[in-house]
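Undergrad: I'd like to go over a predicted model; first the sequence, then the structure.
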Amino acid sequence: MEELKWEWVNLMYRNNDRFDDSALDQLIRILANPAITLPSREKSRKTLTQLKALAQTMSQLEQNTNFLLDRVLNGSEKGLISGALKNVTL
């Protein structure tokens, strides 16, 4: 239990300048432990799981948008935009 407390504290006070998928995974794993006695532990775990899915979706959307912008700004063959849109996944 003491090890989980140290892991929790390290995660909470880590200097993250950008989204860290692995840190979120660690938090979700810690919150899945029923020995952790935090108010709304399970609700927090579920919310972080949803946040992770949203962050992954946003990352994919950003990549797709950057791809399309690059093609538009740097010129493209006729129909490239419509072809690229077929490759966009959400």
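TA: Sure thing, it's come through.

Undergrad: just checking, L24 touches A53?
TA: No: assessed by C-beta atoms under 8 Å, L24 is found out of contact with A53, at 10.3 Å. C-betas here are computed from N, CA, C, even on glycine.

Undergrad: per-residue confidence for D25?
TA: Predicted confidence (pLDDT) for D25: 91.

Undergrad: where does the protein dip in pLDDT?
TA: Low-confidence segments of the chain, defined by pLDDT under 70, are located at 76-90.

Undergrad: Just want the most central residue of it.
TA: A55 (3.2 Å; C-alpha atoms, centre = their mean).

Undergrad: counting contacts, what elements does whichever strand or helix holds that residue pack onto?
TA: Element membership of A55, judged by DSSP states H and E, is helix 41-73. The elements that helix 41-73 packs onto, with contact taken as 3 or more C-beta pairs under 8 Å, 6 or more residues apart in numbering; DSSP states H and E, are helix 21-31, helix 80-87.
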